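Participant: Please find the sequence and the predicted model below.
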Amino acid sequence: MIIAIDFDGTLVQHTSPHDPDAHLLFTAGAREGLASLRAAGHVLLLYSARANRSLREDPQLDPLVRAGVKRVDMRRWAGDQAFAEQRYQQMVAFVEKELPGVFAAIDDGQQGKPLVDMLIDDLAMRYGHGATALGWRALASLWGEPVYNQVEEHHGREASGSGT
């Protein structure tokens, strides 16, 4: 399997997240977990928001910026650009020093969402089937507004022929 593994919060914790020179600490069991996955023959890809090209190269690469949903203060972006690049380079250097040969590749932000078999990320949710998976109804009940009864009633009227 090809497995993408998130860096921040999944592989490492920060002593100070806003300081690119801060010491990075492995999360509990991360080093052993990676060794186990590699021993099983899986291909590991490191990915991170640190590779986000819209932070490092051009804010227009962010689709939410292009759509007008997110606004960018170009002066602030320009001031943060070096910090974003420094954080990305910190991640690359950390992996090269602490985990040489563990990852087949490090995401550089060129592709977008990694096309992999499995994703390990502290901020991801599991959609689909199984005991730990959430379906759309569960997602909506956690973060949405109650619309399912209205939608079901509407579809029920259509099926019965009432149409209103």
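Facilitator: Cool, got the structure.

Participant: so where's this structure shaky on pLDDT?
Facilitator: 15, 17-18, 20-21, 148-164 (pLDDT under 70).

Participant: which residues of it fall in strands?
Facilitator: Using DSSP state E, the strands of the chain run over 2-6, 12-14, 24-26, 43-47, 105-106, 118-120.

Participant: Would you mark the buried spots in the fourth one?
Facilitator: Burial within strand 43-47, assessed by neighbour count using 16 or more other C-beta atoms under 10 Å, is assigned to 44, 45, 46, 47. Bear in mind the C-beta positions are built from the backbone N, C-alpha and C, glycine included.

Participant: which residue packs closest to the last one, ignoring adjacent ones?
Facilitator: Spatial nearest neighbour of residue 47, chain neighbours left out: residue 107 (3.8 Å); criterion: C-beta to C-beta, 6 or more residues apart in numbering.

Participant: What of the first one?
Facilitator: On the basis of C-beta to C-beta, 6+ apart, the spatially nearest residue to residue 44 that is not a chain neighbour turns out to be residue 103, at 4.9 Å.

Participant: So that neighbour versus residue 92, what's the distance?
Facilitator: 10 Å (C-beta to C-beta, to the nearest Å).

Participant: So between these two, which is more surrounded?
Facilitator: residue 103 (20 against 17; other C-beta atoms under 10 Å).

Participant: I'd guessed the more buried one sits against residue 48; true?
Facilitator: No: taking contacts as C-beta atoms under 8 Å, residue 103 lies outside contact range of residue 48: 11.5 Å.
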